[in-house]
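Q: turn this into a structure:
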Amino acid sequence: MRRILDTLYKLAGAIAALSILGICLVVSTQVMLNIVARIGGPGWSYTLPSYADFSGFFLATATFMALAYTLRAGGHIRVNLLVGALPKRPRWLLELLTLAIGAMMAGYATYYAALLLDESYRYGDMSTGIIAIPLWIPQISMVAGLGLLTVAFVDTLVEALIARAPVLVDEGAE
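A: Residues are numbered from 1 along each chain as shown. Next up is the predicted model:
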């Protein structure tokens with residue numbers, strides 16, 4: 001089970017990285033087209049249809065798909081000054097509390113994001129750009145990312161309970 005979850009977290013991180021690459025490609029292409037239009041004149045004016053929409057969809061995918069990977073890698077911002085000053089047992093109890101709260105909040109967000117996705121699908125909501133995209137398509141990555149974040153919080157909580165010690169260790173603090 002550990003290997004499956006770690007593979008899922010890494011896969012989500014890879015999807016996030018590819019989404020950032022997608023943003024770079026789309027925006028760079030549009031910038032090059034703008035340069036060509038500036039040099040060649042109005043007859044050479046081209047644009048990628050809905051490039052801003054696609055960049056936004058890639059950004060949403062990158063953001064939400066990176067959440068679980070970042071949590072498991074210990075990359076989320078924490079108050080290390082406070083946490084690092086605590087003895088091991090209180091630090092563990094604080095970690096359990098924050099992981100439980102995080103799991104509940106992520107689960108709550110996942111539930112309502114899934115409701116939004118369902119509503120967008122049922123009502124046929126479309127993006128407003130030149131290329132109309134059904135909004136449920138980019139919303140899938142939001143729901144998947146939040147769902148995986150919920151799993152990662154629960155996974156880390158169980159791991160901390162089994163270890164009976166803090167598991168989210170800041171590499172720089174040790």
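Q: ignoring the adjacent residues along the chain, who's closest to the most centrally placed residue in the chain?
A: For the chain, residue 64 is the residue whose C-alpha lies nearest the centre (C-alpha atoms, centre = their mean; 1.9 Å). In space, and not counting its chain neighbours, residue 64 is closest to residue 145: 2.8 Å by C-beta to C-beta, 6 or more residues apart in numbering. No exception for glycine: its C-beta is placed from N, CA and C like everyone else's.
Q: just checking, that neighbour touches residue 69?
A: No: using C-beta atoms under 8 Å, residue 145 is not in contact with residue 69, being 9.6 Å away.
Q: these two: which has the busier surroundings?
A: More neighbours surround residue 145 than the other of residue 145 and residue 69, with 27 against 24 (other C-beta atoms under 10 Å).
Q: sketch out the low-pLDDT regions of the protein for me.
A: Where the chain drops to pLDDT under 70, the residues are 79, 170-174.
Q: now the strands for it?
A: Counting by DSSP state E, the chain forms no strands at all.
Q: can you tell me the closest non-neighbouring residue to residue 74?
A: Leaving aside its sequence neighbours, residue 74 sits nearest to residue 168 (C-beta to C-beta, 6+ apart; 5.5 Å).
Q: isn't the one you found up against residue 156?
A: Yes: using C-beta under 8 Å, residue 168 makes contact with residue 156 at a distance of 6.8 Å.
Q: more neighbours: those two, which one.
A: residue 156 (22 against 18).
Q: so the more buried one touches residue 98, yeah?
A: No: using C-beta under 8 Å, residue 156 is not in contact with residue 98; the gap is 10.0 Å.
Q: show me the helices in the protein, by range?
A: 2-40, 51-72, 80-85, 88-123, 136-163 (DSSP state H).
Q: so for the last one, what gets flagged as buried?
A: Along helix 136-163, these residues count as buried under the neighbour rule (16 or more other C-beta atoms under 10 Å): 136, 138-139, 141-157, 159-160.
Q: packing partners for it?
A: In terms of contacts (3 or more C-beta pairs under 8 Å, 6 or more residues apart in numbering; DSSP states H and E), helix 136-163 is packed against helix 2-40, helix 51-72, helix 88-123.
Q: residues contacting the residue nearest to residue 74?
A: Counting by C-beta atoms under 8 Å, 6 or more residues apart in numbering, residue 168 touches 74, 78, 95, 156, 160.
Q: could you work out the most separated pair of the residues you listed?
A: 78 and 160 (14.0 Å; C-beta to C-beta).
Q: which ones are touching residue 149?
A: 64, 67-68, 71, 106, 110.
Q: rewinding a little: residue 14 versus the residue nearest to residue 64, what's the distance?
A: Using C-beta to C-beta, to the nearest Å, residue 145 is found at 13 Å from residue 14.
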